[in-house]
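Novice: Predicted coordinates and the sequence they were generated for:
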Amino acid sequence: MKLSVSYLKNKKGIEETLQELEKSSCDYIHVDLMDGIFAGVKNYEIDNVLSLFHYTKKPLDIHLMVKNPDEEIESLAILNPKYITVHIELPNVKKYISKIKGLGIQAGVAVNPETKVNELEPFLDNIDLVLVMSVNPGKGGQEFLPTTIEKLTYLYELRNKKNLNFAISVDGGINDQTKQFVKSYANILVSGSYICMTDNIEKQINTLRKD
């Protein structure tokens, strides 16, 4: 199981938090980008994102909560991220998947809490990651939604049954308690506040890794 850390809600400020994450044992830095339309909150300008991560050595796990991801995908490719993830709730998802993969980046598709997980099925043989949202996107520090477990179980069993290769990631409300509900199904845990709202980032990462 790998850990992807979101800095969306942090105690020390973005730059200091990212510096600590760069030195930490986390596997990925999770970059949540919202355009103010899809998730109701805007939290970035592309130039600022490129500046923040230009020298980052940790693999980036970019989650686009935007209505029209074309420009973001093109711009962010220069950072050579591990994943770029778009939402199943968007029209033309297939086009965005092809664009991401055409740039040599692994493509992910995210699913919101209110969306039926079987809507992902037509895309599962052509993506590298499914990101299951265990909170409603747009705000850090929310509580884990128990309905997430059913989605994770469904994806896990379907992947095994059809011998597919996508990774399963879960994002929202992940801490040392909620990880117990998801660790049997998820390959990647995305955690934000539990790690970044503390004084000791590495200690919290190690706590999440413990069985």
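Specialist: Nice, thanks for sending it over.
Novice: Please confirm that Glu22 is located within a strand.
Specialist: No. In this structure, Glu22 is helix, not part of a strand, as judged by DSSP: H, G, I helix; E, B strand; the rest coil.
Novice: where's Ile100, which helix or strand?
Specialist: Here Ile100, judged by DSSP states H and E, is contained in helix 93-102.
Novice: how about the strands in the chain?
Specialist: If DSSP state E is used as the criterion, the strands of the chain fall at 2-6, 28-34, 60-65, 83-87, 106-111, 129-133, 167-171, 188-191.
Novice: name the helices or strands packed onto the longest one?
Specialist: Read that as strand 28-34. For strand 28-34, the elements it packs on are strand 2-6, helix 14-23, helix 46-53, strand 60-65, judged by 3 or more CB pairs under 8 Å, 6 or more residues apart in numbering; DSSP states H and E. For every residue, glycine as well, the C-beta is placed using N, CA and C.
Novice: of all these, which gets the most neighbours per residue?
Specialist: Among the helices and strands packed on strand 28-34, strand 60-65 has the highest mean neighbour count (mean count of other CB atoms under 10 Å), at a mean of 26.
Novice: Compute the inter-axis angle for it and strand 167-171.
Specialist: Following axes from the mean of the first three to the mean of the last three CA atoms, to 10 degrees, one obtains 60 degrees for the angle between strand 60-65 and strand 167-171.
Novice: Compute the first-to-last residue distance for stretch 74-89.
Specialist: Length of stretch 74-89, first residue to last, CA to CA, to the nearest Å: 20 Å.
Novice: Might you calculate how far the helix holding Ile100 sits from the centre of the chain?
Specialist: In terms of CA atoms, centre = their mean, to the nearest Å, the gap separating the centre of helix 93-102 from the centre of its chain is 17 Å.
Novice: likewise stretch 66-79?
Specialist: For stretch 66-79, the distance between its averaged C-alpha position and the chain's averaged C-alpha position is 15 Å (CA atoms, centre = their mean).
Novice: mean confidence score for that stretch?
Specialist: In this model, stretch 66-79 has an average pLDDT of 96.
Novice: If you count neighbours, what's buried in it?
Specialist: For stretch 66-79, burial by neighbour count (16 or more other CB atoms under 10 Å) applies to Val66, Pro69, Glu72, Ile73, Leu76, Ala77, Leu79.
Novice: so what's the first one up against?
Specialist: I take that to be Val66. Val66 makes contacts with Leu33, Met34, Asp35, Ile37, Phe38, Glu72, as judged by CB atoms under 8 Å, 6 or more residues apart in numbering.
Novice: The second one now?
Specialist: In this structure, Pro69 makes contact with Val86, Leu90, Tyr96, judged by CB under 8 Å, 6+ apart.
Novice: quick one: which of those has the most company?
Specialist: Counting neighbours by other CB atoms under 10 Å, Val86 leads the contacts of Pro69 with 28 neighbours.
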